[in-house]
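Asks: I'll drop the sequence and a predicted model, then ask my questions.
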Amino acid sequence: MTDIPLASMRILYIAHRIPYPPNKGEKIRSFHQIKYLARRHEVHLACLVDDPGDLRFQYELRSFCRSVHAVPISRYWAYWRALLSLASRQPLTLPFFYSARLKRSIARMTESLAFDLIYVFSSSMAQYVSDSACVPTVLDMVDVDSDKWRQYARFTRWPRSALYALEWRRLAAYECSIMKRFRQTLVIAEPEAKILRALNPSSAITVIANGADVADGDPPAGGSVSADLRRAAPYVVFTGAMDYFPNIDGVRYFINEVWPQVRRAVPDLRFYVVGMNPTRAIRALAKRDLNVVVTGYVPDTRPYLAHAAACVIPLRIARGIQNKILEAAAAGTPVITTPQALEGLCFEPGREVRLADTAATFAEEVVRVVQSPEQYRQQIAAAIEAVKTHYSWEASLLQLDTLLCAVADTYRNQPHKSAAQAI
């Protein structure tokens, strides 16, 4: 594949959320993809916006994209559409992410522009491309969303557990069916590919990993924030969007089951929960324990990582690659994590990260890193090297670009219908 000429293309990129700012998992991946592809290709973006405040970011994206069609959707009505579809057999995910306005916008784009390739980001957006698409299409599932719902069902009580189990089964069937419509299906890690190959062995499935940037020289200063954090040290940190169920579950597990054991050994230690949109339950946990700090949104998480004794990642529900592990490792911060969160990464437990499969083990590792940080110096160096070797954005995105050009090349000399018929 590497000797295929990388010809310039006109690409329609369809995403379920506006890919800016790159402050959460799927936005980090989609933003880096768009930014890289825009170096050589003409990229047109069509996406949904579920937070009205994010509409202003379409202007940032216009520095990379030839055009940006960002369509707002109401979360309130999206939830209602999803609930009303319970009587049908389709996944609730599809009506949640459906917009007739976006559908019309995509149709107009394909009528006026001859696209060389349509790139669909997330399975929920496959509904915007028809079975008879004549333009080459690629689906980036990122994670296997159906398996997340299976895990949600396990960690919630009835009736939510029953609803989540239903969505798992419906979405798994949908994922299996849509893979047949795309020339390539991409995922973020090999465990995801294994699940999809079991669902549909005949589909072409390729792993394109995420990346992380290892900073040269000193970490970002962060101004007064950095000074405040130095005074707050020692502390451990968790980073992630705090309205996301796996993050909420992981932080609650850590505070309720791990943190009391840690505090008995290190009473002055603080725990920083750094991430936007913390729920009422998470804020309540911080009020209960004054050594727990919930920051809410911060413009840059790197100062919090740079001054932390460790980054703790106590996730019990996880799929794909955890960007928070890569970011902490790239920042030179020791990582303590669960087996579930590590599953999609090429990190060796005990070498690049410390693994904790019980609350007691987690507490022991946290206490050890605070009291004996010198024991983690080799781990930090090994983790940085692993990020450079296995998780370079440049290498990962070159692989993506080469694959997309190969897909488009198979169509280049074939006669086909109007691109508008793909929608």
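Replies: Yes, it's here.

Asks: which ones are touching Arg197?
Replies: Applying CB atoms under 8 Å, 6 or more residues apart in numbering, one finds that Arg197 lies in contact with Ser203, Ile205. Every C-beta, even on glycine, is put in place using the N, C-alpha and C of the backbone.

Asks: Oh, that last question was meant for Ser202, not what I typed.
Replies: Applying CB under 8 Å, 6+ apart to Ser202 gives the contacts Lys180.

Asks: Is it in a helix, a strand, or coil?
Replies: Taking DSSP: H, G, I helix; E, B strand; the rest coil as the rule, one finds Ser202 in the coil state.

Asks: and the gap between it and Arg75?
Replies: Using CB to CB, to the nearest Å, we find Ser202 at a distance of 37 Å from Arg75.

Asks: Contacts only, for the closest residue to Ala70 other than its chain neighbours.
Replies: In space, Ala70 comes closest to Gln58 once its chain neighbours are excluded; the distance is 4.4 Å by CB to CB, 6 or more residues apart in numbering. With CB under 8 Å, 6+ apart as the criterion, the residues that contact Gln58 are Ile18, Tyr20, Val49, Val68, Ala70.

Asks: Serialize those to TSV and add fields for distance to Tyr376, neighbour count and pLDDT.
Replies: Converted to TSV, those look like this (distance: CB to CB, whole Å; neighbours: other CB atoms under 10 Å; pLDDT from 0 to 100):
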residue	distance to Tyr376	neighbour count	pLDDT
Ile18	38	26	97
Tyr20	34	23	95
Val49	41	19	96
Val68	43	21	97
Ala70	43	22	97
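
Asks: Out of those, flag the one nearest to Ala408.
Replies: Val68 (22.0 Å; CB to CB).

Asks: Direction included, what does the host helix or strand of the closest one pair against?
Replies: Following DSSP states H and E, one finds Val68 within strand 67-72. Within its sheet, strand 67-72 is paired with strand 42-49 (parallel), according to DSSP bridges.

Asks: re earlier: find the helix or strand that the residue nearest to Ala70 is a member of.
Replies: Assigned by DSSP H and E, Gln58 falls within helix 58-61.

Asks: So which bits of that helix are buried?
Replies: Neighbour counts using 16 or more other CB atoms under 10 Å place Gln58, Leu61 of helix 58-61 among the buried residues.

Asks: in the protein, what secondary structure element scores lowest on mean pLDDT?
Replies: When each helix and strand of the chain is scored by mean pLDDT, DSSP states H and E, helix 223-232 comes last, with a mean of 77.

Asks: What residues of that one count as buried?
Replies: By neighbour count, and taking 16+ other CB under 10 Å as the criterion, the buried residues in helix 223-232 are Val225, Ser226, Leu229.

Asks: before we move on, what about stretch 129-146?
Replies: By neighbour count, with 16+ other CB under 10 Å as the criterion, the buried positions of stretch 129-146 are 129, 133-146.

Asks: With stretch 284-295 instead?
Replies: Within stretch 284-295, the residues that qualify as buried are Leu285, Ala286, Asn291, Val292, Val293, Val294, Thr295, counting by 16+ other CB under 10 Å.

Asks: quick one, what contacts the first one?
Replies: The neighbourhood of Leu285, defined by CB under 8 Å, 6+ apart, consists of Val251, Arg252, Ile255, Asn256, Val292, Val294.

Asks: of all the residues you listed, which two lie farthest apart?
Replies: Within the contacts of Leu285, Asn256 and Val294 form the most distant pair, 14.9 Å apart (CB to CB).

Asks: returning to what we had before: out of the contacts of Leu285, the closest to Ile188 would be?
Replies: Checking the contacts of Leu285 against Ile188 with CB to CB, the nearest one is Val251 at 22.6 Å.

Asks: and that closest one, what element?
Replies: Under the criterion DSSP H and E, the helix or strand holding Val251 is helix 245-253.

Asks: do the same with Pro95
Replies: Counting by DSSP H and E, Pro95 is part of helix 93-96.

Asks: now swap in Tyr119 and tell me
Replies: With secondary structure defined by DSSP H and E, Tyr119 is part of strand 117-121.

Asks: Return the angle between stretch directions for that strand and strand 42-49.
Replies: Between the axis of strand 117-121 and that of strand 42-49 there is an angle of 30 degrees, by axes from the mean of the first three to the mean of the last three CA atoms, to 10 degrees.

Asks: Quickly run through the sheet partners of strand 117-121, with directions.
Replies: Strands adjacent to strand 117-121 in the sheet, as given by DSSP bridges, are strand 10-15 (parallel), strand 137-142 (parallel).

Asks: got the contact list for Ala165?
Replies: The neighbours of Ala165, taking CB under 8 Å, 6+ apart as the test, are Trp149, Arg150, Ala153.

Asks: for Gln127, same thing?
Replies: Leu94, Phe97, Tyr98.

Asks: Much appreciated, bye for now.
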